[in-house]
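Visitor: Need a 3D model of the following:
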Amino acid sequence: MKEVAPGLHHWTAPHPEWDPDAAPGSALDWPEEVGCTLYETRDATVFIDPLVPEDLWPELDALVAGRPVRVLTTIRWHGRSRDAVLERYGGTEEVPAEVRALPFPDFGETIYVLPEPRALVTGDLLIGDGAGGVRVCPESWLHGGSVAALRSALQALLVLPVDHVLTSHWEPVIGGGQVALARALS
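Guide: Predicted coordinates:
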């Protein structure tokens, strides 16, 4: 687990449903390691799309340390370890005041804005580009939508002050998030 900014943590874990033989460019073409986020607000510890390997629980227990827990999911199939985290910490799925949810209903995803560390947490709509930036997901991931429509919908993100884009797939952007978003959405 890496602390990206004070109170903002990101880690990756191997996804149990990863398919090493997925056809390139298909909806199943993503890396085995998927990104997860933990954000410590004033009032709660917030997990976004958590996938928790057994050896990470002690570190998470120390960060939670009896504080209220919220578990947020960007897209329905990113449930991952959500139920285990909710059960372990007695959490809820309420969005805390220090987190802003930006739903994109036409694409079935909610992107979370963390204003204080100036971060976005994305599910599948924005992914790492393998070169230190982000890109919109392939059209095969959109289940009938188009990349052009997605780019248009995501233009609203360009007005946000963003330093970091924490992605579920491929490497996140740590620093330079505003520039990375502008490139991805141009």
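
Visitor: Identify the residue spatially nearest to E93, adjacent ones excluded.
Guide: Once flanking residues are discounted, E93 sits nearest to V71: 5.7 Å by Cβ to Cβ, 6 or more residues apart in numbering. Placement of C-beta: from N, CA and C, glycine included.

Visitor: What's the separation between the one you found and G79?
Guide: Counting by Cβ to Cβ, to the nearest Å, the gap from V71 to G79 is 10 Å.

Visitor: And for L166?
Guide: Distance from L166 to G79, by Cβ to Cβ: 18 Å.

Visitor: Ok, A131 next?
Guide: Relative to G79, and taking Cβ to Cβ, A131 is found at 30 Å.

Visitor: try L86
Guide: Taking Cβ to Cβ, one finds L86 at 10 Å from G79.

Visitor: more neighbours, those two?
Guide: Neighbour tally, L86 and G79, criterion other Cβ atoms under 10 Å: the higher count belongs to L86, 17 against 13.

Visitor: which residues sit in contact with that one?
Guide: Shown in contact with L86 (Cβ atoms under 8 Å, 6 or more residues apart in numbering): 69, 71, 92-93.

Visitor: In strands, which of the residues you listed appear?
Guide: The strands, defined by DSSP state E, take in 69, 71 from the contacts of L86.

Visitor: Show me which pair in the contacts of L86 is furthest apart.
Guide: Largest separation among those by Cβ to Cβ: V69 and E93, giving 10.1 Å.

Visitor: More neighbours: which of these two?
Guide: Neighbour totals were compared for V69 and E93, and V69 leads with 19 against 10 (other Cβ under 10 Å).

Visitor: which stretches of the chain form strands?
Guide: According to DSSP E, the strands that the chain contains are 2-5, 8-14, 33-40, 45-48, 69-72, 100-104, 109-114, 119-121, 126-128, 134-136, 164-166, 173-174.

Visitor: what about stretch 51-63, how long is it end to end?
Guide: Distance across stretch 51-63, first residue to last, is 16 Å (Cα to Cα, to the nearest Å).

Visitor: contacts for it?
Guide: Residues outside stretch 51-63 that contact it (Cβ under 8 Å, 6+ apart): 1, 9, 11, 13-15, 34, 36, 38, 40, 45, 80-81, 84-85, 88.

Visitor: now stretch 64-72: mean pLDDT?
Guide: Averaging pLDDT along stretch 64-72 gives 97.

Visitor: V136 contacts R151, doesn't it?
Guide: Yes: judged on Cβ atoms under 8 Å, V136 makes contact with R151 at a distance of 5.9 Å.

Visitor: Can you check which residues contact both of these two?
Guide: Shared contacts of V136 and R151, defined by Cβ under 8 Å, 6+ apart, comprise L185.
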